[in-house]
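Trainee: What follows is a predicted protein model with its sequence.
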Amino acid sequence: MPGPDRDFWQQRFEQRQTPWDRGAPGPQLARWLADGTLARGQRVAVPGCGSGHDVLALAAAGVEVTAIDYAAAAVALTRQRLAAAAAMADVVQADVLQWRPDAALDAVYEQTCWCALHPDHWAAYGAQLHAWLRPGGALLLLAMQCRRDSAAAGLVEGPPYHMDINSVRALLPATHWDWTAPPYPVLPHPAGWTELAIRLVRR
C-alpha cells in the first residue's frame, strides 16, 4: 500500500506529532453549523477524526456523528474527549477505503482525511464518499493547499498531500456532484498551509 500505513499514524498520535491538529474545531465548521449546512439530527461522518475536536463540536450541536479513524490512538483520544464532555458519538476504528455506513449519510465533514491519503487512493476514496451519501447529501470538503517545489519534478510528497483543485474536480466530476462556484473561502492553517472550503452536493 503506497503512503502512510496504520503504524505511521499510530506512532504520530502516540507521540503527539500531529502538526495538522489545531487544538480546536476548524473555523469553517462553526460557519457551516451557524448557516444550517450542518444541523441537529443530521447523520454526519467525520473520516480521519484524529483527536476529535470537530467530532465533539458536532455532537454538542446535536448532530448524529460517526467518527472514523485508522489509528487506535486517535480513536482513543476522540473517545476520551467525548467522555470528558459527556457527549455522544459513534467512534469507529476502520479503514475509510473499506468502511460503509449502516444507512446513507446526510453529510460528510472532510477536513484532514483526504490529504492524509496517498494520491494512489484518491479515486477509490472519491467513490467511497459518493457511496456514503444519500442523493442530495453534502460533502463539506476542506481541500488542503500545500504546494511543494518538488512537484515541478514530478515528486509526490506528503502527508499532507497537496489537493490540486483540478485533480479534485476530476475525481469528483460534475456528473456525480453539484459544485458551488469558485472562488472558495481560503482558510489559513497554523502549520503554514491553507484550506479551500468547498460544499458539494451528491447527485
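Mentor: Structure received. Numbering: from 1, shown residues only.
Trainee: quick one: strands adjacent to the lengthiest strand in the chain?
Mentor: Counting residues, the longest strand found in the chain (DSSP state E) is strand 133-145. Looking at strand 133-145 with DSSP bridges, its partner strands are strand 105-110 (parallel), strand 194-202 (antiparallel).
Trainee: can you redo these as TSV with mean neighbour count, mean pLDDT and distance to Arg147?
Mentor: C-beta: built from backbone N, CA, C; applies to glycine. Shown next, in TSV, are these (neighbours: other CB atoms under 10 Å; pLDDT from 0 to 100; distance: least, CB to CB, whole Å):
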stretch	mean neighbour count	mean pLDDT	distance to Arg147
strand 105-110	24	98	20
strand 194-202	20	98	10
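Trainee: hmm, back to that, now the longest strand of the chain, how far from the chain's geometric center?
Mentor: Here the centre of strand 133-145 is set off from its chain's centre by 9 Å, with CA atoms, centre = their mean, to the nearest Å.
Trainee: Now the element after it, going C-ward?
Mentor: The helix or strand immediately downstream of strand 133-145 is helix 165-171, counting by DSSP states H and E.
Trainee: got a list of contacts for the following helix or strand past that next one?
Mentor: As assigned by DSSP H and E, the chain's next helix or strand after helix 165-171 is strand 177-179. Contacts to strand 177-179, defined as CB atoms under 8 Å, 6 or more residues apart in numbering, come from residues His130, Leu139, Arg169, Leu172, Ile198, Leu200, Val201, Arg202, Arg203.
Trainee: what mean pLDDT would you report for strand 177-179?
Mentor: The average pLDDT for strand 177-179 rounds to 98.
Trainee: For it, which strands pair with it and how are they oriented?
Mentor: Strand pairing for strand 177-179, determined by DSSP bridges: strand 194-202 (antiparallel).
Trainee: Go through the helix or strand hosting Ala83 and flag the buried ones.
Mentor: In this assignment (DSSP H and E), Ala83 forms part of helix 72-84. Applying a neighbour-count criterion of 16 or more other CB atoms under 10 Å, the buried positions in helix 72-84 are Ala73, Ala74, Val75, Ala76, Leu77, Thr78, Arg81, Leu82.
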